[in-house]
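Chemist: Sequence first, predicted model second:
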Number of protein chains: 2
Amino acid sequence: MNKPKVHEIIDSLFPNLDKPTKGTILQNADYLKCAKGTKFISEGRKHHYFYLLLSGGVKSYYLKDSKEVCLWFAFENEFIATIKTFEGEHSNETIVFLEDSSLIRFKTESIKELALTHLSISQWIIKLITEHAVFLEERLFGLQFLSSKERYHALIKVAPEILQKVSLTDIASFLGVSRETLSRIRAQI
Amino acid sequence: MNKPKVHEIIDSLFPNLDKPTKGTILQNADYLKCAKGTKFISEGRKHHYFYLLLSGGVKSYYLKDSKEVCLWFAFENEFIATIKTFEGEHSNETIVFLEDSSLIRFKTESIKELALTHLSISQWIIKLITEHAVFLEERLFGLQFLSSKERYHALIKVAPEILQKVSLTDIASFLGVSRETLSRIRAQI
DNA sequence: ATAATTATGTGACATTTGTCAAATGGAATT
DNA sequence: AATTCCATTTGACAAATGTCACATAATTAT
């Protein structure tokens, strides 16, 4: 599973793409495997790639008082990128692989350049950022409108598989509560 | 201040735009004035426009237990749109003018169509959505990492003018605290 | 299998915040 | 100027959540 696989995926992402453009994308994309525990975007470091996660899972976190606070999780067939990294700013965000994973890595700068001259790439980026913004709006809604209990139940309703894949401690920080509180919310059911 | 003004603004948004495309944009944009108190995107209603606020100010809110909870504020030279309305989904969000305001209204569907064939428009949309996503990420960071006190002080540091323009009650709901709590945070300084 | 390590659960208590009620202050109206 | 109306402040108390300590369960290593 390497080069040919990337070809296929690019094809499915861009059904009617002309050969030279596809060539340029392939030049700026490669296939990667990452073992569980690998850290990706380190705190304070600039980052030059975004990713499509083919298999496996990751979590993203900031450090707060030297404790991890999770911002998001991603699993099969999800894109991994944050606006800050996409904008070329420092991320302050660390990404860790929760399982052995495989992914396609895109060179952000090159893809953005390509978007300046190729409509299909621009449209693709619009789609990616829009999806990210929808995710952010929903999460914001949860934090502003729902109680801890409601946020927890909303999460396991929308993404029940997360309970198998992510530790309670990480889910708690993601939901914005202490792990003890989340443990008690669970016990109450 | 009407048609010619719109021309100028479109010119400044798109410095090198060809005449026919500019014509199409102008056909799908118009100048509006709104009196203080006007409500714009009503709960549960589909919405077909996004806006550039030229002067004045607005707040956006959801209703929670029949109380207003503010999601954002916007003032001069800011764009007004939410991803959901941009995607043509129901908004459930109400926008109210805090002052007499003037704005340019863009027909979302037409601009999005134009983006399918015009790179400059696509790039414009990328810029708009990216800015929105940055705003959402920062707000999310505040809600997840900062205490009420810290969120309040961060807000008046980043946007001190908001204290003059928005009521304490609205700021409180925006920050995710009761107005009594915000009042006490203020008293503590 | 056993020990060691890590994750989760539980109790006791402190802190923060929400809620209700009433008081104060300021702005608008008559 | 007096009155009304609305926003903000303050007090008293309840509810939710955080924190620390420790118990228990689950996982990993030896």
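Modeler: Great, that's in hand. Residues are numbered from 1 along each chain as shown, chains lettered A, B, ... in the order given.
Chemist: Just want the most central residue of chain A.
Modeler: For chain A, A:Ile80 is the residue whose C-alpha lies nearest the centre (C-alpha atoms, centre = their mean; 3.0 Å).
Chemist: ok, that residue to A:Glu68 distance?
Modeler: Remark: distance between A:Ile80 and A:Glu68 (C-beta to C-beta, to the nearest Å) = 17 Å. From N, CA and C alone the C-beta is placed, and that goes for glycine too.
Chemist: On the three-state scheme, A:Leu103 is what?
Modeler: Reducing the assignment to helix, strand or coil with DSSP: H, G, I helix; E, B strand; the rest coil, the entry for A:Leu103 is strand.
Chemist: What's opposite it in the beta bridge?
Modeler: The partner list for A:Leu103 in beta bridges (DSSP bridges) reads A:Leu32, A:Leu53.
Chemist: circling back to that earlier point, now the residue nearest to the centre of chain A, which residues is it bridged with?
Modeler: Beta-bridge partners for A:Ile80, by DSSP bridges, are A:Tyr51.
Chemist: any idea of the mean pLDDT for the host helix or strand of A:Thr21?
Modeler: Counting by DSSP states H and E, the element that carries A:Thr21 is helix A:19-27. Taken as a whole, helix A:19-27 carries a mean pLDDT of 93.
Chemist: How about it and chain B, any contact?
Modeler: No: in this structure, helix A:19-27 remains apart from chain B according to C-beta under 8 Å from any C-beta of the partner chain; the gap is never smaller than 13.4 Å.
Chemist: Identify the residues contacting stretch A:13-24?
Modeler: Among residues not part of stretch A:13-24, those counted as contacts by C-beta atoms under 8 Å, 6 or more residues apart in numbering or on different chains are A:Ile10, A:Asp11, A:Ile25, A:Ser110, A:Leu114, A:His118, A:Ser120, A:Ile121, A:Trp124.
Chemist: Am I right that the first one sits in a strand?
Modeler: Translated: A:Ile10. No: assignment of A:Ile10 by three-state DSSP gives helix, placing it outside any strand.
Chemist: tell me, how many neighbours does the residue lying closest to it once chain neighbours are set aside end up with?
Modeler: Taking C-beta to C-beta, 6 or more residues apart in numbering or on different chains, and ignoring the residues beside it in sequence, A:Ile10 has A:Ile25 as its nearest neighbour in space, at 5.6 Å. Residues contacting A:Ile25 under the criterion other C-beta atoms under 10 Å in any protein chain shown number 22.
Chemist: returning to that earlier point: what two of the contacts of stretch A:13-24 have the greatest distance between them?
Modeler: Using C-beta to C-beta, the pair of the contacts of stretch A:13-24 lying farthest apart is A:Asp11 and A:Ser110, separated by 18.7 Å.
Chemist: More neighbours: which of these two?
Modeler: Between A:Asp11 and A:Ser110, counted using other C-beta under 10 Å, A:Ser110 has the larger neighbour count: 16 against 12.
Chemist: pretty sure that one contacts A:Asn28?
Modeler: Yes: with contacts counted by C-beta atoms under 8 Å, A:Ser110 reaches A:Asn28, the gap being 4.0 Å.
Chemist: Enumerate the residues of chain A near DNA strand C.
Modeler: A:Ser167, A:Leu168, A:Thr169, A:Arg179, A:Glu180, A:Leu182, A:Ser183, A:Arg184, A:Arg186, A:Ala187 (C-beta under 7 Å from any atom of the strand).
Chemist: you'd agree A:Ala29 is up against A:Leu114?
Modeler: No: distance between A:Ala29 and A:Leu114: 11.0 Å, which falls outside the contact criterion (C-beta under 8 Å).
Chemist: quick one, helices of chain A?
Modeler: Ranges of helices within chain A are A:3-13, A:19-27, A:83-86, A:108-117, A:119-145, A:148-158, A:162-165, A:168-175, A:179-187, based on DSSP state H.
Chemist: can you tell if the fifth one touches chain B?
Modeler: Yes: between helix A:119-145 and chain B, judged by C-beta under 8 Å from any C-beta, the touching residues are A:119, A:122-123, A:125-126, A:129-130, A:132-134, A:136-137, A:139-141, A:143-145.
Chemist: anything in that helix near DNA strand D?
Modeler: No: counting by C-beta under 7 Å from any atom of the strand, DNA strand D has no neighbours in helix A:119-145; the shortest distance is 11.1 Å.
Chemist: Let's test this: mean pLDDT of that helix, rounded?
Modeler: Averaging pLDDT residue by residue across helix A:119-145 gives 94.
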